[in-house]
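Colleague: turn this into a structure:
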Amino acid sequence: MEAALIIFALVVLFAFLGLGAYATVKVVGAAKRGVDRTITQARRTVEDTTLRAKSLGQVGVSGSLAQLRLDLRTSMRTTQQALYQGVQTDASLRESIGLFERLSAHGHELDDELKRLEQEPDRKRIAALLPDLRERTSKVTQAADSLRWAARDRARRFAEDDLSVLSAQIEMESGALRDWSPESVDELAAAAAAWDAAQGPAAQGPAAQAQASAPGGRGAAGRGAGADRAALNEAPPAAPYPWQKARRPESTT
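Modeller: Next comes the predicted model:
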């Protein structure tokens with residue numbers, strides 16, 4: 001018996017140790033990913049700032065290469081953000097993300113080539129390559145811009161359609177709320193009275209006949225109607241949001 005308890009205690013101890021090690025690995029991994037993400041963003045910010053300074057402060061080949069890299073990186077990053085944010089609400093953008101990943105391979109290759117050319121001492125040779133580099137950069141950025149604007153146009157179209165449907169529903173509800181004319185109420189009451197008269201006393205049921213024949217029936221009905229009106233005139237509950245006004249009681253007239 002004691003041996004079994006010792007074995008059980010060891011199993012529980014090893015289980016807790018395993019869970020603790022697993023949790024530690026997960027926490028360390030998450031922290032490492034957070035640090036790597038922060039370092040990557042900081043490095044990207046520094047590179048973009050450096051490229052912007054070179055494009056504005058330098059002339060000739062160096063300034064042209066820096067401007068090409070800046071245009072390429074800005075277009076690709078903006079498109080990536082638009083697609084990955086849009087796919088969270090529109091699953092049809094997954095195919096567009098696949099196309100963007102293929103385009104990103106060309107973009108990374110071109111950015112690496114431009115980066116290597118910045119260190120090239122033969123400026124004349126680089127100047128001869130600039131027209132081709134501009135054309136390649138233009139193709140990549142135009143493709144990325146096309147994907148980005150198509151995704152934004154799609155999202156805007158969906159938002160406009162949803163707003164149109166919502167506006168139509170609100171207009172219908174507003175018209176129904178404004179229909180407080182007494183003519184419609186009088187017509188409904190007259191139709192109900194005509195129906196009761198056509199059916200006769202037999203269609204009213206035993207409960208209604210007993211209430212009509214009782215001496216205090218009318219007074220009880222009056223008290224019931226007064227109680228109903230008092231319930232309708234009670235103060236409505238407080239509005240939970242500042243833009244939502246308190247519900248107004250229905251009119252008894």
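Colleague: how about the nearest residue to residue 154, chain neighbours excluded?
Modeller: In space, residue 154 comes closest to residue 90 once its chain neighbours are excluded; the distance is 6.9 Å by C-beta to C-beta, 6 or more residues apart in numbering. All C-beta spots, glycine's among them, are computed from the backbone N, C-alpha and C.
Colleague: which pLDDT does the model give the one you found?
Modeller: We have a pLDDT of 86 for residue 90.
Colleague: measure it to residue 104 for me?
Modeller: When distance is defined by C-beta to C-beta, to the nearest Å, residue 90 is 20 Å away from residue 104.
Colleague: for the residue nearest to residue 154, what are its contacts?
Modeller: 151, 154-155, 158 (C-beta atoms under 8 Å, 6 or more residues apart in numbering).
Colleague: okay, now the domains of this structure?
Modeller: 1-57, 59-164 (automatic domain parsing).
Colleague: could I get these as CSV with distance to residue 198?
Modeller: What follows is the domains of the chain, written out as CSV (distance: least, C-beta to C-beta, whole Å):
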stretch, distance to residue 198
domain 1-57, 78
domain 59-164, 46
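Colleague: lowest average pLDDT across those?
Modeller: domain 1-57 (a mean of 70).
Colleague: and of the domains of the chain, who's closest to residue 189?
Modeller: With C-beta to C-beta as the measure, domain 59-164 is the member of the domains of the chain nearest residue 189 (38.5 Å).
Colleague: could you say which of the domains of the chain is packed most deeply?
Modeller: The highest mean neighbour count among the domains of the chain, using mean count of other C-beta atoms under 10 Å, belongs to domain 59-164: a mean of 15.
Colleague: thinking again about what came up before, from residue 78, how far off is the residue nearest to residue 154?
Modeller: 18 Å.
Colleague: contacts only, for residue 24.
Modeller: So residue 24 contacts nothing (C-beta under 8 Å, 6+ apart).
Colleague: secondary structure class for it?
Modeller: helix (DSSP: H, G, I helix; E, B strand; the rest coil).
Colleague: please apply the same query to residue 152.
Modeller: Once three-state DSSP is applied, residue 152 turns out helix.
Colleague: tell me if I'm right that it and residue 82 touch.
Modeller: Yes. Between residue 152 and residue 82 there is a contact at 6.3 Å, judged by C-beta atoms under 8 Å.
Colleague: residue 104 touches residue 76, doesn't it?
Modeller: Yes. Using C-beta under 8 Å, residue 104 is in contact with residue 76, at 6.5 Å.
Colleague: any idea how far residue 18 is from the residue nearest to residue 154?
Modeller: Applying C-beta to C-beta to residue 90 and residue 18 gives a distance of 42 Å.
Colleague: then residue 143?
Modeller: Distance of residue 143 to residue 18, computed by C-beta to C-beta: 50 Å.
Colleague: also residue 68?
Modeller: 53 Å.
Colleague: from residue 175, how far out is residue 163?
Modeller: 19 Å.
Colleague: could I get the full set of helices for the stretch 51-200 of the chain?
Modeller: 61-86, 94-118, 123-177, 182-199 (DSSP state H, counting those that start in this stretch).
Colleague: all good on my end, thank you.
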